[in-house]
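Trainee: How does the following fold in three dimensions:
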Amino acid sequence: MNEIVIIIFQLAILILSVMVHEVMHGYTAYFLGDMTAKNAKRLNFNPINHLDPFGSIILPLLLYMATAGTFVIGWAKPVPYNPLNLKNPKSGAGIIAIAGPLSNFAIAIFAALLLKINLVLGGLVQPIFLQIVIVLNLALMVFNLVPIPPLDGSKVLFSLLPSRYFKIQYALERYGLWILLVFIFFGFSLIIPVINFLYNLLA
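Mentor: Residues are numbered from 1 along each chain as shown. Modelled structure (predicted):
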């Protein structure tokens with residue numbers, strides 16, 4: 001298998017998967033009564049509207065080169081929403097946040113089903129392509145559920161915490177990006193066993 005083809009396919013799946021992730025945030029907010037994402041034209045799959053130069057292109061390429069292709073992750077521009085338009089801003093924020101990772105899990109499940117069907121049919125498609133879809137989407141799901149701002153896991157956590165912990169939330173949000181960068185480069189190995197477990201469970 002041509003390595004260039006694999007690299008291009010990985011980046012294409014990563015970009016598509018992060019777009020699905022963000023669009024699902026927007027649709028969930030829309031269903032909960034907020035029109036912000038719709039008005040910002042974020043409820044579509046136009047890459048121009050979603051891709052973040054650093055998170056969608058530069059970081060994945062750097063990580064690919066730094067890890068010899070063993071680890072690629074990234075993100076798209078966050079879909080905006082106005083919590084004031086939600087009936088319950090606190091719980092609504094958690095529901096909107098969890099929608100993104102769940103969309104990646106749904107993609108991984110669908111790809112796993114296709115992988116099993118493909119094996120039954122005698123391997124009409126190279127299994128590695130479906131395996132890439134599964135791994136990348138599981139990685140996106142698990143990574144985004146880490147409770148470090150601005151990841152979705154932090155929003156889910158904050159939606160469940162009592163209001164008296166607001167100071168903790170404020171401190172995490174203030175330094176969250178720096179904590180996240182440290183985690184990406186030094187702590188990502190902590191969630192690899194979770195990704196591997198889910199992959200073995202599905203595939």
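
Trainee: the helices in this protein, which residues?
Mentor: 3-31, 36-39, 47-50, 59-66, 89-120, 127-144, 152-160, 166-182, 192-202 (DSSP state H).

Trainee: list the contacts for the residue nearest the centre of the chain?
Mentor: For the chain, Leu140 is the residue whose C-alpha lies nearest the centre (Cα atoms, centre = their mean; 3.8 Å). Leu140 is in contact with Leu14, Ser17, Val18, His21, Ile73, Pro101, Asn104, counting by Cβ atoms under 8 Å, 6 or more residues apart in numbering. Where you see a C-beta, it was placed from the backbone N, CA and C, and this is true even at glycine.

Trainee: Please verify my assumption that the last one contacts Met19.
Mentor: When you say that, I think you mean Asn104. No - using Cβ atoms under 8 Å, Asn104 is not in contact with Met19, being 11.1 Å away.

Trainee: More neighbours: which of the two?
Mentor: Asn104 (24 against 21; other Cβ atoms under 10 Å).

Trainee: and the angle from the worst-scoring helix or strand of the chain on mean pLDDT to helix 166-182?
Mentor: None of the helices or strands of the chain scores lower by mean pLDDT, DSSP states H and E than helix 59-66, at a mean of 76. Orientation check (axes from the mean of the first three to the mean of the last three Cα atoms, to 10 degrees): helix 59-66 against helix 166-182 gives 50 degrees.

Trainee: Show me which residues of helix 59-66 are buried.
Mentor: Leu59, Pro60, Leu63, Tyr64 (16 or more other Cβ atoms under 10 Å).

Trainee: Among those, find me the one that's closest to Lys155.
Mentor: The nearest member of the buried residues of helix 59-66 to Lys155, counting by Cβ to Cβ, is Leu59 at 20.8 Å.

Trainee: ok, the closest one - contacts?
Mentor: The neighbours of Leu59, taking Cβ under 8 Å, 6+ apart as the test, are Ile73, Gly74.

Trainee: Could you check how far it is from Ser91?
Mentor: Leu59 sits 31 Å away from Ser91 when distances are taken as Cβ to Cβ, to the nearest Å.

Trainee: Other residues contacting stretch 21-35?
Mentor: By Cβ under 8 Å, 6+ apart, the residues outside stretch 21-35 that reach it are 36-38, 42-45, 50, 76-79, 81-83, 85-87, 92, 95-97, 99-104, 140, 144.
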